[in-house]
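# my questions concern the predicted model and sequence given below.
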Amino acid sequence: MRNEAGGDRVPLEEARAQTRFPFYGLLDSIRSAHNVGSIFRTSDGANASGLFLCGYTPTPPHRHLAKTALGAVDSVPWSHHETFHEGIAAARATGARILAFEFTEDSRSLYEVELDFPVCLVMGNETNGLSIEARELCDATVHLPMYGHKSSLNVSVAFGVAMYEVLRRYEMLKK
């Protein structure tokens, strides 16, 4: 069931029980609980299958995370993994294609990459991004095109734009 803009909210129990779209997020040592809360809220809005929280990424319950998640921690499945390697293993266990989200010399635009579902978007630390070692454990590295002076977006904003592009592409496949 999809709650279109302006429609009634999906009750929590119904949201927990509904079939989810085959995409995930993996957050590697995201520093800001506000960013993590925003990613939870975006994941709920897109009906993502879940989030893998790795390293020191804040986990529920956390008051700053709750402030921006607005209850989405109760509807989005999530798990915490002490290391990135454990998180990647959990993501691979879903059968997902793992996409590192980082602008590099070798990355490709998310808009140009063929997507196989399920898919998992891997987001790195706000300051340091993803390490080379982390990117090497992923199937591909993708980015959003940047046309201004800066070469990056806030991690929660980038995740939101990417998640909805993945959702759009998934819905196109189903038509």
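Yep, it's here. Residues are numbered from 1 along each chain as shown.
# so what's residue 169 closest to, chain neighbours aside?
In space, and not counting its chain neighbours, residue 169 is closest to residue 115: 5.3 Å by CB to CB, 6 or more residues apart in numbering. In short, each C-beta sits where N, CA and C put it, glycine included.
# tell me, how many neighbours does the one you found end up with?
Residues near residue 115, counting by other CB atoms under 10 Å, number 17.
# so it: helix, strand or coil?
Of the three states, residue 115 takes coil according to DSSP: H, G, I helix; E, B strand; the rest coil.
# which ones are touching it?
97, 166, 169-170 (CB atoms under 8 Å, 6 or more residues apart in numbering).
# the same query, at a cut-off of 10 Å, please.
By CB atoms under 10 Å, 6 or more residues apart in numbering, the contact set of residue 115 is 23, 97, 99, 142, 165-166, 169-170, 172-173.
# give me the distance between it and residue 23.
Distance from residue 115 to residue 23, counting by CB to CB, to the nearest Å: 9 Å.
# residue 121: which of the contacts of residue 115 is nearest?
residue 99 (5.6 Å; CB to CB).
# Three-state assignment for the residue most central in space within the chain, please.
The C-alpha lying nearest the average C-alpha coordinate of the chain belongs to residue 25 (CA atoms, centre = their mean; 2.9 Å). Following three-state DSSP, residue 25 is assigned to strand.
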